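1. All I have is the shape, not the residue letters:
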């Protein structure tokens, strides 16, 4: 299939260069113009997509080259970008940063696989002509870098006209200067150990977004960005061989401040298979939703909300009973922590042995391939799925039913897998191996029939 998807990708020279701020400014300014914009994010990120979704009002799709084949990358781009005026893809880390010292699984690899024109964000603070040397290095580093435009971040209004003229003289039509953002300390976003704080935690987010939008209208070439997007080639992909939607099943999905890390397309795949997703709050609700056939406890920050979680004893008892009674359950990272005996000194559900503790640093973080050691809820023994871990907390009993192996070869046992349960620190995306989603759906359907529900 071939689809017209106007798009561009905002990449950075490295983490901290301002690409997230630039992306937020561009998206909000386009939305304020009345443009129907879609947001995308490269890499295994849950938090930046929350900001995209807050701005556009629609889910942000993840484009992760470790999780997905090139065909699936293009399919997911088309899935969320079809019919939209423009799709804006935010990169991750530096443009060429991938696995080890290679560019595999980098933002560059996403741009190449999706044939998306790239706008490079160059931090111009404290520089002048040297900013163009940085741009030249990135543009020349690969024979076809895909870089078609540049935005100078942290640049003064006085410097930009001269810098833009010098860029035009240096690169001609190959790289188009598309504006600048000045230093905007009033628009900075707070960080924590897993990246930015979530969008819902930024009390003055709307004010910051308004300031970014007004600045973008003044100093970014939004029309030029739209022209660049409109010149992007068509997106071609082959549909995945998914089964038609089946009988409806009801899956409860934890959604609150403690459990908010989900991939939008991953949940969509469950819906495509026949799942009705029913949100609930382990912090505030006193009981699980009625007549559910499955339970999904995603990641998040349960360690920041132990008071509310431990205080909701009725929910803790309900979840423990559901696991014991064989309800199909997926519990990723924070959801896994919730099922253990305790997070720090706070008692949790106790559906699984082990106590969670603050390791004081990132623990077993990065991309992995997760392979089943035994038949389980999601797959038979030997099956695998790309996944990732990124957490500061650990557990005295993290599970031994899967083998987690990093691309460099380091491996360890991870996660609990039974016929009705997946629980562990690794996160995954169902589009990385749709058979996992199908098996979970089938387990939920079996649960529904076991209770004789129509």
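-> That came through fine. What you see is a predicted model; the values in this text were computed from it and never measured. Residues are numbered from 1 along each chain as shown.

2. Spit out the contact partners of the closest residue to residue 393 other than its chain neighbours.
-> Leaving aside its chain neighbours, residue 393 sits nearest to residue 356 (5.2 Å; criterion: Cβ to Cβ, 6 or more residues apart in numbering). For the C-beta atoms, the positions are set from N, CA and C on the backbone; glycine is no exception. If a contact means Cβ atoms under 8 Å, 6 or more residues apart in numbering, then residue 356 has 303, 337, 340, 342-344, 348, 393-396 as its contacts.

3. And for residue 134?
-> Residues near residue 134 by Cβ under 8 Å, 6+ apart: 13, 122, 127.

4. now, which of the contacts of residue 356 lie within helices?
-> If you go by DSSP state H, the contacts of residue 356 have residue 337 in helices.

5. which one of the contacts of residue 356 has the most neighbours?
-> Using other Cβ atoms under 10 Å as the neighbour criterion, residue 337 leads the contacts of residue 356 with 33 neighbours.

6. could you say which helix or strand contains the nearest residue to that residue once chain neighbours are set aside?
-> Counting by Cβ to Cβ, 6+ apart, residue 337 lies nearest to residue 356, which is 4.7 Å off, once chain neighbours are set aside. Element membership of residue 356 [criterion: DSSP states H and E] is strand 355-358.

7. list the helices and strands the helix or strand just after that strand packs on?
-> Heading C-terminal from strand 355-358, the first helix or strand you meet, by DSSP H and E, is strand 366-372. Under the contact definition 3 or more Cβ pairs under 8 Å, 6 or more residues apart in numbering; DSSP states H and E, strand 366-372 sits against strand 384-389, strand 402-405.

8. what pairs with the first one, and is each one parallel or antiparallel?
-> Applying DSSP bridges, strand 384-389 is found paired with strand 366-372 (antiparallel), strand 427-428 (antiparallel).

9. Quick one: closest of those strands to residue 409.
-> For the strands paired with strand 384-389, proximity to residue 409 was assessed by Cβ to Cβ; strand 366-372 is nearest, at 10.9 Å.

10. which stretches of the stretch 351-454 of the chain aren't confidently modelled?
-> Residues of the stretch 351-454 of the chain meeting the criterion pLDDT under 70: none.

11. Where does the prediction get shaky in the stretch 151-300 of the chain?
-> Where the stretch 151-300 of the chain drops to pLDDT under 70, the residues are 189-197, 199-203.

12. Now do the helices for it: every range, in order, please.
-> Assigned by DSSP state H, counting those that start in this stretch, the helices in the stretch 151-300 of the chain fall at 160-171, 205-219, 222-230, 264-273.

13. Can you say which of those is packed in most?
-> Of the helices of the stretch 151-300 of the chain, the one with the most neighbours on average (mean count of other Cβ atoms under 10 Å) is helix 264-273, at a mean of 19.

14. what's in contact with it?
-> Contacts with helix 264-273, where a contact means Cβ under 8 Å, 6+ apart, come from 49, 53, 59-62, 76, 79-80, 242-243, 245-246, 251, 253, 277, 428-431, 434, 437-438, 440-441.

15. ok, now with 6 Å
-> Helix 264-273 is contacted from outside by 59, 61, 76, 429-431, 437, 441, using Cβ atoms under 6 Å, 6 or more residues apart in numbering.

16. now, which of those residues lie within strands?
-> Counting by DSSP state E, the part of the contacts of helix 264-273 found in strands is residue 61.

17. follow-up on the earlier one: mind putting the helices of the stretch 151-300 of the chain into TSV with distance to residue 151?
-> Converted to TSV, the helices of the stretch 151-300 of the chain look like this (distance: least, Cβ to Cβ, whole Å):
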stretch	distance to residue 151
helix 160-171	10
helix 205-219	9
helix 222-230	9
helix 264-273	26
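
18. Out of those, which gets nearest to residue 92?
-> It's helix 264-273; of these, that one is closest to residue 92 (Cβ to Cβ) at 16.9 Å.

19. Max pairwise distance over the contacts of helix 264-273: which two?
-> Maximum pairwise distance in those, criterion Cβ to Cβ, is 20.9 Å, between 61 and 441.

20. what's the neighbour count on residue 255?
-> Neighbour number of residue 255 under other Cβ under 10 Å is 18.

21. circling back to that earlier point, just the closest of the contacts of helix 264-273 to residue 149, please.
-> residue 61 (22.2 Å).

22. Please give me every residue in contact with residue 402.
-> 370, 372-373, 414-415.

23. Looking at these, state which has the most neighbours.
-> residue 370 (28 neighbours).

24. Could you find the closest non-adjacent residue to that residue?
-> Nearest to residue 370 is residue 387, by Cβ to Cβ, 6+ apart, at 4.3 Å.

25. that older thread, so in that sheet, which strands flank the strand holding residue 356, and in what orientation?
-> Pairing partners of strand 355-358, with direction, according to DSSP bridges: strand 342-343 (parallel), strand 393-395 (antiparallel).

26. what's the distance between residue 44 and residue 367?
-> Going from residue 44 to residue 367 by Cβ to Cβ, to the nearest Å gives 7 Å.

27. again, but for residue 261
-> Distance check for residue 261 against residue 367: by Cβ to Cβ, it reads 16 Å.

28. just residue 235 next, same as before
-> Remark: distance between residue 235 and residue 367 (Cβ to Cβ) = 25 Å.

29. how about the strands of the stretch 1-150 of the chain, start to end?
-> Using DSSP state E, counting those that start in this stretch, the strands of the stretch 1-150 of the chain run over residues 2-3, 7-12, 37-42, 61-63, 86-90, 118-123, 147-153.

30. Distance to residue 176 and mean neighbour count added to these, as a markdown table?
-> Listed next are the strands of the stretch 1-150 of the chain as a markdown table, based on distance: least, Cβ to Cβ, whole Å; neighbours: other Cβ atoms under 10 Å:
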| stretch | distance to residue 176 | mean neighbour count |
| --- | --- | --- |
| strand 2-3 | 25 | 13 |
| strand 7-12 | 11 | 27 |
| strand 37-42 | 20 | 26 |
| strand 61-63 | 23 | 25 |
| strand 86-90 | 16 | 27 |
| strand 118-123 | 9 | 26 |
| strand 147-153 | 5 | 25 |
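
31. To residue 102, which of those lies closest?
-> When the strands of the stretch 1-150 of the chain are compared by Cβ to Cβ, strand 37-42 sits nearest residue 102, at 15.8 Å.

32. Residue 108: how many residues sit nearby?
-> 27.

33. measure the residue lying closest to residue 342 once chain neighbours are set aside to residue 346 for me?
-> Once flanking residues are discounted, residue 342 sits nearest to residue 355: 4.6 Å by Cβ to Cβ, 6+ apart. Taking Cβ to Cβ as the measure, residue 355 falls 10 Å from residue 346.

34. What separation is there between the residue sitting furthest away from the middle of the chain and residue 176?
-> Here the chain reaches farthest from its C-alpha mean at residue 169, the gap being 38.0 Å by Cα atoms, centre = their mean. As defined by Cβ to Cβ, residue 169 lies at a distance of 13 Å from residue 176.

35. Then residue 399?
-> From residue 399 across to residue 176, the span is 51 Å (Cβ to Cβ).

36. low-scoring stretches of the stretch 1-150 of the chain, by residue?
-> Using pLDDT under 70, the stretch 1-150 of the chain has no residue that qualifies.

37. That'll do, ta.
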